[in-house]
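A.B. asks: what follows is a predicted structure for the sequence shown.
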Amino acid sequence: MPQKSHPTVSIIIKALNEERHIGSAIESALAGLRGTDGEVILADGGSSDRTIEIARGYPIIIVQLNNLQDRSCGAGAQLGFQYSRGRYLCLIDGDMQLHDDFLPAALQFLDGNSTVAGVGGFVIDREISNLEFEQRNKRHDPDRRAGPVTRLNGCGVYRRSAIESVGHLTDRNLHGGEELDLGARLHARGWTLARIDRPAVDHHGHTGSAYRLLLRRVVTRNSFATGELVRAAIGRPHFWFAVSKDNNCLLCLLVAAWWTAIAVTASVLRGPSAALAIGILVLLPIAAMSLRWRSVRLGLYSVAAWNVYALSFLPGLMRSRVSPTSWIDSTVLAKGSPADRRSTFGARARTADPIGS
């Protein structure tokens with residue numbers, strides 16, 4: 001049997017201000033560990049709502065960033081990793097619920113496939129009123145299908161030995177794209193990733209205006225991710241894998257070419273012909289994307305998102321970096337044990353208020 005100091009699985013939940021969903025996320029993680037020796041770690045990015053208060057009602061480990069300037073998508077999972085002990089690592093977000101039967105199936109798959117570093121399942125988006133999530137669910141994405149994949153977006157179970165072979169779990173410098181960066185580093189070391197044919201998590205994503213979400217991503221630097229990803233890969237063995245598998249890199253180049261074409265047209269032509277040509281250039285991608293998605297609103301959103309991410313590329317590329325393996329300054333707020341989980345989960349799950357209602 002696994003030694004107590006090295007449980008089979010560490011489920012890492014990364015969260016920031018997830019008071020609406022954190023209770024159900026933790027409960028799903030605890031339920032997923034039934035019959036398996038494991039631990040649940042909440043890696044909190046400095047929540048200012050009731051996330052921590054709610055989480056304290058469960059027998060789990062809670063760790064939190066000390067410095068808000070360290071907050072990023074990559075820092076979340078890495079924060080949990082530095083406190084984890086499991087031979088396998090399961091990553092989910094604070095707005096997700098783990099399916100009970102996914103973890104056993106993932107572990108069985110990994111046990112039978114020694115070259116696979118990580119395995120995922122299907123991420124079921126439960127809220128698609130936001131234009132971004134509506135578009136995501138309509139998009140053809142091979143990485144969302146069962147079989148070999150380049151990355152495990154949203155949820156994945158990884159071998160600790162594979163993660164240790166590439167130095168760190170997720171890059172604390174990245175405000176997005178951390179799963180692609182991880183996948184690229186693993187592939188460069190000869191590992192593979194796979195998605196199995198079963199649901200892994202239910203995901204409750206952002207609701208409301210997609211344009212407000214775009215603005216939020218600029219403020220939080222999430223839109224800098226493509227430039228940060230390229231910066232992290234420069235001079236590394238995984239550079240071409242990361243760049244070639246990131247569609248946003250190509251989109252940034254296409255947007256730059258589009259801007260250049262408009263600028264050249266404005267400088268060469270004069271009068272009504274210039275206005276007509278510029279108008280056609282401006283409307284062409286909107287019309288093309290509207291036809292592709294069969295929706296003008298999705299077409300407009302696509303072009304708006306392209307421009308936001310293209311404008312954010314250089315700031316992301318120029319951002320300074322710290323070593324991705326350096327310790328993330330943080331505090332342990334609570335520490336549960338497997339024994340606590342078995343004896344108190346039922347009672348605490350009944351009394352904890354996951355949404356503050």
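C.D. replies: Arrived safely.

A.B. asks: which residues are contacting stretch 271-284?
C.D. replies: Trp258, Ala261, Ile262, Thr265, Ala266, Val268, Leu269 (C-beta atoms under 8 Å, 6 or more residues apart in numbering). For the C-beta atoms, the positions are set from N, CA and C on the backbone; glycine is no exception.

A.B. asks: ok, the third one - contacts?
C.D. replies: Neighbour list for Ile262: Ile278, Leu281, Val282 [criterion: C-beta under 8 Å, 6+ apart].

A.B. asks: and the first one, what element?
C.D. replies: What it means is Ile278. Per DSSP states H and E, Ile278 falls inside helix 271-293.

A.B. asks: poorly predicted segments of the stretch 51-200 of the chain, please.
C.D. replies: Applying pLDDT under 70 to the stretch 51-200 of the chain flags residues 128-131, 133-135, 137-138.

A.B. asks: what ranges do the strands span in the stretch 251-357 of the chain?
C.D. replies: 330-334 (DSSP state E, counting those that start in this stretch).

A.B. asks: all helices of it, in order?
C.D. replies: Assigned by DSSP state H, counting those that start in this stretch, the stretch 251-357 of the chain shows helices spanning 271-293, 296-318, 338-351.

A.B. asks: which one of those lies nearest to Phe224?
C.D. replies: Phe224 lies closest to helix 296-318 among these, at 3.2 Å (C-beta to C-beta).

A.B. asks: next, the buried residues of the closest one.
C.D. replies: Under the neighbour-count criterion of 16 or more other C-beta atoms under 10 Å, helix 296-318 has 298-303, 305-310, 312-313, 316-317 buried.

A.B. asks: that older thread, please pick the buried ones from the contacts of stretch 271-284.
C.D. replies: Among the contacts of stretch 271-284, the ones that count as buried (16+ other C-beta under 10 Å) are Trp258, Thr265.

A.B. asks: let me know the closest of the contacts of stretch 271-284 to Glu228.
C.D. replies: Closest approach to Glu228 among the contacts of stretch 271-284 (C-beta to C-beta): Trp258, at 22.8 Å.

A.B. asks: neighbours around the closest residue to the closest one other than its chain neighbours, how many?
C.D. replies: Once flanking residues are discounted, Trp258 sits nearest to Pro285: 6.6 Å by C-beta to C-beta, 6 or more residues apart in numbering. Each residue near Pro285 was counted by other C-beta atoms under 10 Å, and the total is 17.

A.B. asks: can I get stretch 72-83 in CSV, CA atoms only?
C.D. replies: Extracted as CSV, the C-alpha positions of stretch 72-83 are listed here (Å, rounded to 0.1, in the frame of the first residue of the first chain):
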residue,chain,number,x,y,z
SER,A,72,-1.7,34.2,-12.7
CYS,A,73,-3.3,31.2,-14.2
GLY,A,74,0.1,29.4,-14.2
ALA,A,75,0.7,30.2,-10.6
GLY,A,76,-2.5,28.6,-9.4
ALA,A,77,-1.7,25.0,-10.2
GLN,A,78,2.0,25.4,-9.4
LEU,A,79,1.1,26.8,-6.0
GLY,A,80,-0.9,23.6,-5.3
PHE,A,81,1.9,21.4,-6.7
GLN,A,82,4.5,22.8,-4.4
TYR,A,83,2.4,21.6,-1.4
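
A.B. asks: can you turn the buried part of the contacts of Ile262 into a PyMOL selection?
C.D. replies: Of these, the buried ones can be selected in PyMOL as follows, counting by 16+ other C-beta under 10 Å:
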select buried, resi 278+281
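
A.B. asks: how about a markdown table for the contacts of Ile262, with pLDDT added?
C.D. replies: Shown next, in a markdown table, are those (pLDDT from 0 to 100):
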| residue | pLDDT |
| --- | --- |
| Ile278 | 93 |
| Leu281 | 95 |
| Val282 | 94 |
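
A.B. asks: now, among the contacts of Ile262, which is nearest to Val157?
C.D. replies: Nearest to Val157 out of these is Val282 (C-beta to C-beta; 45.7 Å).

A.B. asks: roughly how far apart are the closest one and Arg236?
C.D. replies: In this view, Val282 and Arg236 are 38 Å apart by C-beta to C-beta, to the nearest Å.
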